[in-house]
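Asks: Got a predicted structure here, sequence first:
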Amino acid sequence: MDKQKEAIIKKLKENGCRITKQRLEILDIILEDQCSSCKEIYYRASETNSRIGIATVYRMVSALEEIGVVSRRLVYRPAGAGRSSSGGTGKSSKTDPKRKE
């Protein structure tokens, strides 16, 4: 087991998280790949262990967030995000009927 994984497991235990076989498998997937969603982690985990449920994945990701190991960020952005005057929504402020100028 590498030092990064050991440190994460130690933090999880200190935070009251039980370390199960399923959670270790999920942690391995997260550490191996840069997954874009909990569903992606779930699909990869369920290929090797059909007993892993989506709720287990969400709980594990939440536990990892609590200890500062992972962070959820916006993965998909609309085309042109950051370039329009609408604050990254992809809509022009002139065509947005909800926006008052």
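Replies: Sure thing, it's come through.
Asks: what's the distance between the residue nearest to the spatial centre of the chain and M1?
Replies: The centroid of the chain falls nearest to R72 when counting by CA atoms, centre = their mean (4.6 Å). Here the criterion is CB to CB, to the nearest Å. By it, R72 lies 26 Å from M1. Where C-beta positions appear, they are placed from N, C-alpha and C, glycine not excepted.
Asks: Equivalent analysis for I9, please.
Replies: I9 sits 8 Å away from M1, going by CB to CB.
Asks: who has more neighbours, these two?
Replies: Counted by other CB atoms under 10 Å, I9 and M1 do not tie: I9 has more neighbours, with 16 against 8.
Asks: after whichever helix or strand that one is part of, next one along is what?
Replies: Assigned by DSSP states H and E, I9 belongs to helix 3-14. Scanning forward in sequence from helix 3-14 by DSSP H and E, the next helix or strand is helix 21-32.
Asks: Which elements pack onto that following helix?
Replies: For helix 21-32, the packing partners by 3 or more CB pairs under 8 Å, 6 or more residues apart in numbering; DSSP states H and E come out as helix 3-14, helix 38-48, helix 54-66.
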